[in-house]
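K.L.:
return a 3D structure for these sequence lines:
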Amino acid sequence: MSDASVTPGAHQRDYKIVVNAREKTVHKDTLTFEEVVRLAFDPVPSGPNVFITVSFRHAHHKPADGTLSAGESIEVKNGTVFTVVATDKS
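P.N.:
Presented below is the predicted three-dimensional model:
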């Protein structure tokens, strides 16, 4: 099971989230787009035509449902669900 790392100085708490229908445990309350993608894929798909979409629901964030873009982050809670899809535009 992949775990996101802990940010130094952050209050540590375990959160059970779901990424692509697999339960994951993370140890911080905010995840970046890049961290969610790494939880979904090992290795992370890459290439000039690869486009990755991250959608979420049940987040501790307003709105609680939506999409996450590269460079953005989201506050999670137990039960936050992510769907991460990689497409190749070739």
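
K.L.:
center of this protein - which residue?
P.N.:
Centroid check for the chain by Cα atoms, centre = their mean gives V36 as the closest residue, at 2.3 Å.

K.L.:
quick check: phi and psi on that one?
P.N.:
phi -60, psi -40 (degrees, to the nearest 10).

K.L.:
list the residues that contact it.
P.N.:
Applying Cβ atoms under 8 Å, 6 or more residues apart in numbering, we find V36 in contact with 19, 54, 56, 68, 74, 82, 84. Quick note: C-beta positions are derived from backbone N, CA and C, even for glycine.

K.L.:
and what of G47?
P.N.:
Contact analysis of G47 by Cβ under 8 Å, 6+ apart lists D88.

K.L.:
from I74, how far off is it?
P.N.:
Per Cβ to Cβ, to the nearest Å, G47 is found 25 Å from I74.

K.L.:
same question, V44
P.N.:
Taking Cβ to Cβ, one finds V44 at 18 Å from I74.

K.L.:
one more: F41?
P.N.:
For F41 relative to I74 (Cβ to Cβ), the value is 18 Å.

K.L.:
between these two, which is the more surrounded one?
P.N.:
Using other Cβ atoms under 10 Å, the more surrounded residue of F41 and I74 is I74, with 21 against 16.

K.L.:
that one against H61, yeah?
P.N.:
Yes. With contact defined as Cβ atoms under 8 Å, I74 counts as touching H61 (5.1 Å).

K.L.:
can you map out the strands along this structure?
P.N.:
15-19, 22-26, 30-32, 50-57, 66-68, 73-75, 81-88 (DSSP state E).

K.L.:
what ranges in the chain fall below the confidence cut-off?
P.N.:
Residue ranges of the chain with pLDDT under 70: 1-12, 90.

K.L.:
can I get the contacts of V36 in JSON lines with distance to T32?
P.N.:
Shown next, in JSON lines, are the contacts of V36 (distance: Cβ to Cβ, whole Å):
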{"residue": "V19", "distance to T32": "13"}
{"residue": "V54", "distance to T32": "10"}
{"residue": "F56", "distance to T32": "12"}
{"residue": "L68", "distance to T32": "8"}
{"residue": "I74", "distance to T32": "8"}
{"residue": "F82", "distance to T32": "12"}
{"residue": "V84", "distance to T32": "13"}
